[in-house]
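Asker: Test case, fold it:
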Amino acid sequence: MELRPELALKERVSTIKKADSEEKIRFEMYSIVTSLILSKEVFNRNINIKEFLDECHPIFKTYGDYLFDNRTLLLGKILREMKEQDKKFLYHFALDIKEELIRCIDKENNEDTPSNVNQISVKNNKGKNNNNYTDALFQRFKREEESSK
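Answerer: This is a model prediction of the structure:
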């Protein structure tokens, strides 16, 4: 089973400890921030990145709107900013990222609840009802040719 990007990032952010050296935190944050900013699963629109960064630290509020039109340009600016900052900034930025990822995961989990997904009840060998998500997806997105036969 493939790990969702936001879960993988949350796992990586969780490994950062306050007692780690500044360089270790910095290098780990470079890879986390790169994956985070370029991820369409976490931030499907560039404006969402702006909202997140504005909440993180006042430094990011000074970024011009033109930066948010291009993710790679924005990423370069953030990485340069991180290079100049101290350990305290990096650690708190990691905590902000972790909180955002938790919100993102919670939001996706709420959208995947049975009330929002057309599920089919299937009997297993013991006679109990189980919701089979895969069958529900096949039923929901079946081809037109099959439904016309």
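Asker: contacts and neighbour counts: CA atoms only from here.
Answerer: OK.
Asker: Distance of S21 relative to Y91?
Answerer: S21 is 11 Å from Y91, where distance means C-alpha to C-alpha, to the nearest Å.
Asker: Of the two, give the one with the bigger neighbour count.
Answerer: Y91 (21 against 11; other C-alpha atoms under 10 Å).
Asker: Wait, that one touches A19, no?
Answerer: No. Between Y91 and A19 there is no contact under C-alpha atoms under 8 Å: 9.9 Å.
Asker: got a list of what the closest residue to I102 other than its chain neighbours touches?
Answerer: Counting by C-alpha to C-alpha, 6 or more residues apart in numbering, K10 is the residue found nearest to I102 once chain neighbours are left out, at 7.4 Å. With contact set as C-alpha atoms under 8 Å, 6 or more residues apart in numbering, K10 has these partners: K98, L101, I102.
Asker: From the structure, what's the count of residues near the last one?
Answerer: Translated: I102. Neighbours of I102 (other C-alpha under 10 Å): 15.
Asker: And the contacts of the helix or strand harbouring it?
Answerer: Per DSSP states H and E, I102 falls inside helix 87-111. If you take C-alpha under 8 Å, 6+ apart as the criterion, helix 87-111 is touched by 6-7, 9-10, 13-14, 16-18, 22, 25-26, 29, 42, 52, 56, 82.
Asker: Kindly recompute the last result at 7 Å.
Answerer: Residues outside helix 87-111 that contact it (C-alpha atoms under 7 Å, 6 or more residues apart in numbering) are E6, K10, V13, K18, E22, I25, R26, V42, C56, M82.
Asker: again with stretch 52-59
Answerer: Contacts for stretch 52-59 (C-alpha under 7 Å, 6+ apart): F60, K61, F93, D96.
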